[in-house]
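[1] For reference, the sequence and a predicted model appear below.
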Amino acid sequence: MANSSYRTVYAFAREMYPKRIKLEMQYGTAGFRSKASNLDHVMYRMGLLAVLRARYKKAVIGVMITASHNPEPDNGVKVVDPQGEMLEQSWEAWATKFANVVDEKLEDTINELIKEFDIGNMGDRVEVVIGRDTRPSSPHLTKAVMDGVLALAGKPIDYGIVTTPQLHYFVVCKNTNRRYGQPTEEGYYRKLTNAFKKIRGNNYTCGKYTNKVLYDGANGVGAKKVKYLKEALGESLIIDMYNDEIIGSGKLNYLCGADHVKTHQDFPVGVPRIPNARCCSVDGDADRIVYYYLDDKENIHLLDGDRIATLIADYLREHLTATGISELTIGLVQTAYANGASTEYITNHLNIPVACVSTGIKHLHHQALTYDVGVYFEANGHGTVVFSNYAKDRMKDRVKNESFPIQQREACEKLLSLIDLINETVGDAISDMLLIETILHAREWDITDWEACYKDLPNRLMKVSVKDRNVITTTDAERICQTPDGLQDEIDSLVSRYNKGRSFVRPSGTEDVVRVYAEAKSQEEANKLAAEVAMKVYEMAGGVGTAPEVPA
Ligand SMILES: CC(=O)N[C@H]1[C@@H](OP(=O)(O)O)O[C@H](CO)[C@@H](O)[C@@H]1O
Ligand SMILES: [Mg+2]
């Protein structure tokens, strides 16, 4: 690499984006997350890393600036790989290294990486596409990423405010020579709305299904972007929008949004409390969605990622069978946080194989790719469906081949339209909403019909602060705790005392805590089991602060 570029890298690093803080950063489940004021140098360095990654992969790389469901003063950054996946694991360690080296060592670190991956094409003017959420700190942090890209002579393309899934979509469009779609916002909306209208036809309401949904935009990008969609959808789906940062004065994610609703099982502020109205909430970067409603007694009923997954998998399986292409496989991917009742329902009633993988979208996505039709969702509402090229090709062939029965050809055509409705690159709240609405419409269901499929087991999620959360290590998709010694035996013994009891613990990848999950026959039992397990973690894994309270 020419020395002159290094001078630029340094000049910027030292003068504009010096590393002022000692805080060690770790590229976690969702990239780097921190207070926005800690992130200037990290953003700049991720700009550098993205250029190197783009040169190594000889492809367009994405950088998304967001802290998703976290509070407004936070921010974060993650790198998007060429096929729209999360950054490959071996490079996560490099990202961590880049974020933490002192300014004087930045050059050595860049050189080390170039050497390790034998990146010879340092002159290539590679593209890095950059998107950001609506946080006030995001424009400034975007500038830092762009300066990083420019410092290594890459070409930054600023998409401005977009949802995280839109950015993933742009990266894939660019890397597939636009076969996946046009890499513009307009192209994205057009692809989704055309497919939606085509499948739904002119019959907007159907049986118990009504074409209206109350939409909580979390005062973020999910509110901003749905406006364009609303126009294109016209009467086919009426989206009543709430927690729209422009109309309201609410704060991003504050007492609203998908994470708030799921974590606290609490109806969001800003949305009218209309009994039995179908509502949905997205998170701060619109890659998650949950549905819910209030019953006549004003109790909230949550339909989370597990429900969404079962709704979608069942519908796709039915159509897949109707295509007559018997060799195509379908599978559903969950994490240990999936409600036990959902796993039981999928396995025993839908007869669809379920795989359990570690937390984090990259693990789910990766496993889903092993099926022709892979449905994956985290309980928190992040997920999508991926289809193999083989399945797509077979279906396209069958549509054209008149020797097959018309029902089979129609099923193929329908599935191909559904594929256009789905953002296969990553979980996408907007695309997921359109898919869910399509299925409810086809089933002629209201939200209580959907809920009636199975009954969730009561559950409880807790956090325990410990000195070093990495003393907890796990195996078997995080369901078994390997260290500290003896902790798993204690958990087993507690669980065995409960009817339908299940519990596991794991270190969070995004927060400095150990998470404890428990479910059991009743809510009281689930609460008690969670608290008992939390107490064991506190005692055996170096708990700090106040000990968890165990109900009598
Ligand atoms: C229990 C839970 O909801 N965990 C979340 C959370 O991960 P943790 O590693 O548990 O902090 O954030 C991840 C990134 O957003 C998300 O993928 C995951 O589902
Ligand atoms: Mg998110």
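    That came in fine, so what should we check first? Numbers count the residues shown, from 1 in each chain. Ligands and ions are numbered 1, 2, ... in the order given.
[2] So for Ile161, what pLDDT did the model give?
    For Ile161, the model assigns a pLDDT of 97.
[3] Give me the phi and psi angles of Asp295.
    For Asp295, the backbone dihedrals are phi -80, psi -180 (criterion: degrees, to the nearest 10).
[4] Near ligand 2, which residues of the stretch 251-400 of the chain? Just list them.
    Applying Cβ under 5 Å from the ion, we find that the stretch 251-400 of the chain lies next to ligand 2 at 283, 285, 287. C-beta: built from backbone N, CA, C; applies to glycine.
[5] Let me have these in a markdown table, extended by secondary structure.
    What follows is those, written out as a markdown table (DSSP: H, G, I helix; E, B strand; the rest coil):
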| residue | secondary structure |
| --- | --- |
| Asp283 | coil |
| Asp285 | coil |
| Asp287 | coil |
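[6] what does the stretch 351-500 of the chain put close to ligand 1?
    359-361, 378, 380, 382 (Cβ under 6 Å from any ligand atom).
[7] show me where the stretch 251-400 of the chain has helices.
    Per DSSP state H, counting those that start in this stretch, the stretch 251-400 of the chain carries helices over the ranges 257-264, 305-323, 340-348, 361-368, 389-400.
[8] Please apply the same query to the stretch 51-200 of the chain.
    Under DSSP H, counting those that start in this stretch, the stretch 51-200 of the chain gives helices at 89-100, 106-116, 138-151, 164-175, 185-200.
[9] Which among these is found nearest to Thr66?
    When those are compared by Cβ to Cβ, helix 164-175 sits nearest Thr66, at 5.9 Å.
[10] quick one: the closest one near ligand 1?
    No - using Cβ under 6 Å from any ligand atom, helix 164-175 stays clear of ligand 1, coming no nearer than 10.1 Å.
[11] what's the angle between that helix and helix 185-200?
    100 degrees (axes from the mean of the first three to the mean of the last three Cα atoms, to 10 degrees).
[12] Touching helix 164-175 from outside, list them.
    Residues outside helix 164-175 that contact it (Cβ atoms under 8 Å, 6 or more residues apart in numbering) are 59-62, 64, 66, 68, 80-84, 127, 129-131, 133, 159, 162, 180-185, 187-188, 225, 285-287, 423, 425-431.
[13] In strands, which of these fall?
    Among these, DSSP state E puts 61-62, 64, 80, 127, 129-131, 159 in strands.
[14] Which of these sits closest to Met395?
    Set against Met395, the nearest of those by Cβ to Cβ is Val80 (27.7 Å).
[15] Please report the distance of the closest one from Thr425.
    For Val80, the distance to Thr425 equals 8 Å [Cβ to Cβ, to the nearest Å].
[16] For ligand 1, what's its nearest residue on the stretch 101-250 of the chain.
    Thr164 (10.1 Å; Cβ to the nearest ligand atom).
[17] still on that earlier bit, give me the PyMOL select line for the contacts of helix 164-175, limited to the buried ones.
    Listed next is the PyMOL selection for buried residues among the contacts of helix 164-175, using 16 or more other Cβ atoms under 10 Å:
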select buried, resi 59+60+61+62+64+66+68+80+81+82+83+84+127+129+130+131+133+159+162+180+181+183+185+187+188+225+285+286+287+423+425+426+427+428+429+430+431
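[18] picking that back up, and the two most separated of the residues of the stretch 351-500 of the chain next to ligand 1?
    So, these by Cβ to Cβ: farthest apart are Gly360 and Asn380, at 11.6 Å.
[19] Neighbour count for those two, which is higher?
    Taking other Cβ atoms under 10 Å, Gly360 and Asn380 do not tie; Asn380 has more neighbours (23 against 19).
[20] Pull the contacting residues for Asp432.
    For Asp432, the contacting residues are 289, 308, 381, 383-384, by Cβ under 8 Å, 6+ apart.
[21] my bad, Gly501
    494-495, 518-521, 525, 529.
[22] do the same with Val60
    Val60 makes contact with 54, 82, 126-129, 171, 174-175 under the criterion Cβ under 8 Å, 6+ apart.
[23] Repeat that for Gln334.
    Contacts of Gln334 (Cβ under 8 Å, 6+ apart): 306, 309, 342-343, 354-357, 364, 376-379.
[24] what about the residue nearest to Ile300 when sequence neighbours are not counted, distance to Ala277?
    Once flanking residues are discounted, Ile300 sits nearest to Phe267: 4.9 Å by Cβ to Cβ, 6 or more residues apart in numbering. Counting by Cβ to Cβ, the gap from Phe267 to Ala277 is 11 Å.
[25] How about Leu87?
    From Leu87 to Ala277 the distance is 40 Å (Cβ to Cβ).
[26] Give me every residue in this structure lying close to ligand 1.
    29-30, 68, 337, 359-361, 378, 380, 382, 508-511, 515.
[27] Can I have the buried ones of these as a PyMOL selection?
    Filtering those down to the buried ones (16+ other Cβ under 10 Å) takes a single PyMOL command:
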select buried, resi 29+30+68+337+359+360+361+378+380+382+510+515
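[28] Quick one: residues contacting the residue nearest the centre of the chain.
    Using Cα atoms, centre = their mean, the residue of the chain that lies closest to the mean C-alpha position is His382, 4.0 Å off. If you count contacts by Cβ under 8 Å, 6+ apart, His382 has them with 287-288, 305, 361, 427.
[29] go with 6 Å
    By Cβ atoms under 6 Å, 6 or more residues apart in numbering, the residues touching His382 are 287-288, 427.
[30] Excluding covalently adjacent residues, which one is nearest to it?
    His382's closest residue in space is Gly427 (Cβ to Cβ, 6+ apart), at 4.1 Å.
[31] which residues touch that neighbour?
    Shown in contact with Gly427 (Cβ under 6 Å, 6+ apart): 287, 382-384.
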